[in-house]
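J.: for reference, the sequence and a predicted model appear below.
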There are 2 protein chains.
Amino acid sequence: MKRITVLGAGTWGTALARMLSNTGSVVTVWSALDSEVSTLSETRAHPNLPGVELPRELIFTGSMEEACREMDLLLFAVPSPYVRETTRRAAPYIGPGQLIADAAKGIEAGTLLTMTGVIADELKKAGAGPARLVALSGPTHAEEVARDMPTTIVSASPDPEAARQVQDLCMNTCMRVYTNPDIRGVELCGAVKNVIALASGISLGLGYGDNTKAAIITRGLAELTRLGCAMGCDRQTFTGLGGIGDLIVTATSIHSRNNRCGQLIGGGLTPEEAVERTGMVVEGLHALPAVLELSRRYKVEMPIVEAVESIIHGGVPPAMAVRELMSRDRKGEEVY
Amino acid sequence: MKRITVLGAGTWGTALARMLSNTGSVVTVWSALDSEVSTLSETRAHPNLPGVELPRELIFTGSMEEACREMDLLLFAVPSPYVRETTRRAAPYIGPGQLIADAAKGIEAGTLLTMTGVIADELKKAGAGPARLVALSGPTHAEEVARDMPTTIVSASPDPEAARQVQDLCMNTCMRVYTNPDIRGVELCGAVKNVIALASGISLGLGYGDNTKAAIITRGLAELTRLGCAMGCDRQTFTGLGGIGDLIVTATSIHSRNNRCGQLIGGGLTPEEAVERTGMVVEGLHALPAVLELSRRYKVEMPIVEAVESIIHGGVPPAMAVRELMSRDRKGEEVY
């Protein structure tokens, strides 16, 4: 039997741990919070996954050493702002060639590193690794994976054997895993889609309908694809599960906190009030500065991302930002 | 002022006519049904667009001669099964170089012609035309266009001047029009997306959630793109407004009759019962035989379309068809 540790006991980490345990691996879940470790271990239930029973076989621990020793796979599932610190704590127990998958989505402000880039960077600083890194991304609401709804996901790595190993560990009758060598493209999608989801939520909050939402998603995909191609990623990644697939689920779903936060802003709350009301990490707001910086560095036009920035940090009323988007010059629809 | 006739007084034709009139053209609406002409003319309201007032300036007529004489644009907005017959009736009044846009979506069974192909074919048979043909397609629910929600659409034609003329006639503060030379790709999208929407609806009817829906849309797009590329269309069309944009709106929206019909089938009704309950033309069912025939002719694998066929005509229970989709061989995610 394979041994897997999931780092992070949020809804996504817990849903993945449950699934991997039911798929036949021995699974440990690490959390930085002792209270979380004891509650999850005792109740076998996660407060944000009502009605979902966690397998008795799941091991919960607060010890990073126990979590990382002799594992076939380490799976990062902490929110993106905690990936660096979590790697720093894990590094002493990580040997060369360790298989690591990352399920957190984001780009670090300042360094502009993707999450596997952050992990590699922090391991190198600690003199640990190098690890074999995989990004795990796709249209995967934790709430549905935890209830065995049919779901697809991408296992992305330039190391095809690493991608295939993660595919084998995750695949079951409810989870279909596709491999993709373009890890950078997949991770870029994971970060940018949260910004587009903010835009889609804002439009919903303004009272607009499905046409507007589909326009934002489609033209948002065009922006994302332009940026990715300028960065040397594979165009096909953006039309895949980590690209348009995840964008659809994030920008149309009731489960998405980015979408919900945007909706509150479109409805008239300030960004600060909206974040407070959302009550969880809003990844799109964390990714926004890095995405803007990338668009400038690679000289790529991203009008929807700019509109979100103008609303969040420029004080532009949402309705005016939409009007400006609609009244841009007449164009052809090609991405370039 | 430009003069435009909309052929067809369904919800889409009526919503377009209202928008074109408000954008500054003199607009005539033709219907084959005398009762529809008189009711719309008197009430200035469409039964399926509650609360939407139609402009006093709109002219309604049952006379094809009046509808087609000296128009700057003829806009077809009848359901796809009626495009051939409507063209046959209009042909005597259509001269060479007439600008014609088609807003009906479908592929004709047997001939495998797209809707502008059907129009061209029927005009030729009648010794009329040749017309300058444009396909108008995108994520455009009539219910929302009729309420001035921000909407985007594609004006597709190999004749760039024709595409631009339609762009100019349709563009306003609520409607943003993009041009695209790949008319065949845009029309292929318009037909296939309805079949994918049936699949998405079936999954919803089975009780599955957003992850499954996003998987069906994304992998459905991969099938559609494979077919389109094999047919010589432009790959970018499939990630555009007529492709993924329209697919999103059709496969996720409460307004979509294809989605609704699929949902009824997933919930246990027979296809016949579901069509009866839906009560309108379900374009996906009309397009299905032609899409299957194209996939065979171009030797393109389309597992989701095949699954829909197996449910609709093969008597396979929906849950079993989904199980088969989820348990196919492990794969990379590339389209080819």
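T.: Arrived safely, thanks for sending. The model shown is predicted, which means the values in this text are computed figures rather than measured ones.

J.: CA atoms for contacts and neighbours, from now on please.
T.: Will do.

J.: need the longest helix for chain A.
T.: helix A:183-205 (DSSP state H).

J.: the helix or strand following it vs chain B: in contact?
T.: Per DSSP states H and E, the first helix or strand lying C-terminal to helix A:183-205 is helix A:210-230. Yes. Helix A:210-230 reaches chain B (C-alpha under 8 Å from any C-alpha of the partner chain) through A:210-212, A:214-215, A:217-219, A:221-222.

J.: in a markdown table, list those along with pLDDT.
T.: Listed next are these as a markdown table, based on pLDDT from 0 to 100:
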| residue | pLDDT |
| --- | --- |
| A:D210 | 93 |
| A:N211 | 94 |
| A:T212 | 93 |
| A:A214 | 94 |
| A:A215 | 93 |
| A:I217 | 95 |
| A:T218 | 94 |
| A:R219 | 93 |
| A:L221 | 95 |
| A:A222 | 94 |
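
J.: could you redo those residues as JSON lines and give each row distance to B:M115 and neighbour count?
T.: Output for the residues of helix A:210-230 next to chain B, formatted as JSON lines (distance: C-alpha to C-alpha, whole Å; neighbours: other C-alpha atoms under 10 Å in any protein chain shown):
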{"residue": "A:D210", "distance to B:M115": "25", "neighbour count": "27"}
{"residue": "A:N211", "distance to B:M115": "23", "neighbour count": "28"}
{"residue": "A:T212", "distance to B:M115": "26", "neighbour count": "25"}
{"residue": "A:A214", "distance to B:M115": "24", "neighbour count": "29"}
{"residue": "A:A215", "distance to B:M115": "24", "neighbour count": "27"}
{"residue": "A:I217", "distance to B:M115": "27", "neighbour count": "28"}
{"residue": "A:T218", "distance to B:M115": "24", "neighbour count": "27"}
{"residue": "A:R219", "distance to B:M115": "26", "neighbour count": "22"}
{"residue": "A:L221", "distance to B:M115": "28", "neighbour count": "26"}
{"residue": "A:A222", "distance to B:M115": "27", "neighbour count": "23"}
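
J.: now, the most widely separated pair of the residues you listed?
T.: A:D210 and A:A222 (18.2 Å; C-alpha to C-alpha).

J.: and the longest helix of chain A, how far from the chain's centre?
T.: The chain centre lies 9 Å from the centre of helix A:183-205; the measure is C-alpha atoms, centre = their mean, to the nearest Å.

J.: do that helix and chain B meet?
T.: No. Helix A:183-205 does not reach chain B (C-alpha under 8 Å from any C-alpha); its nearest approach is 9.4 Å.

J.: list the buried residues in that helix.
T.: A:183-205 (16 or more other C-alpha atoms under 10 Å in any protein chain shown).

J.: mind checking the pLDDT average for it?
T.: Helix A:183-205 carries an average pLDDT of 96.

J.: now stretch A:124-140
T.: 96.

J.: for the stretch 51-200 of chain A, what lies in contact range of chain B?
T.: A:139-141, A:144, A:149-152, A:154, A:173-180.

J.: what's next to stretch A:63-77, contact-wise?
T.: Stretch A:63-77 has contacts (C-alpha atoms under 8 Å, 6 or more residues apart in numbering or on different chains) with A:2-10, A:12-13, A:28-30, A:61, A:83, A:89-90, A:93-94, A:98-104.

J.: what is the residue in the stretch 101-250 of chain A that chain B sits nearest to paired to in the beta sheet?
T.: Closest residue of the stretch 101-250 of chain A to chain B, C-alpha to the nearest C-alpha: A:T179 (4.4 Å). Going by DSSP bridges, A:T179 is paired in beta bridges with A:S155, B:G332.

J.: quick check: it vs A:M171, distance?
T.: 11 Å (C-alpha to C-alpha, to the nearest Å).

J.: neighbour count: those two, which is higher?
T.: Comparing A:T179 with A:M171 by other C-alpha atoms under 10 Å in any protein chain shown, the one with more neighbours is A:T179, at 26 against 20.

J.: quick one: pLDDT of that one?
T.: Taking A:T179 on its own, its pLDDT is 96.

J.: and what of A:E334?
T.: pLDDT, read off for A:E334, is 68.

J.: thinking again about what came up before, closest one of the residues of helix A:210-230 next to chain B to A:A135?
T.: Using C-alpha to C-alpha, the residues of helix A:210-230 next to chain B come closest to A:A135 at A:L221, 19.8 Å.

J.: who's in contact with that closest one?
T.: By C-alpha under 8 Å, 6+ apart, the neighbours of A:L221 are A:238, A:243-244, B:239.
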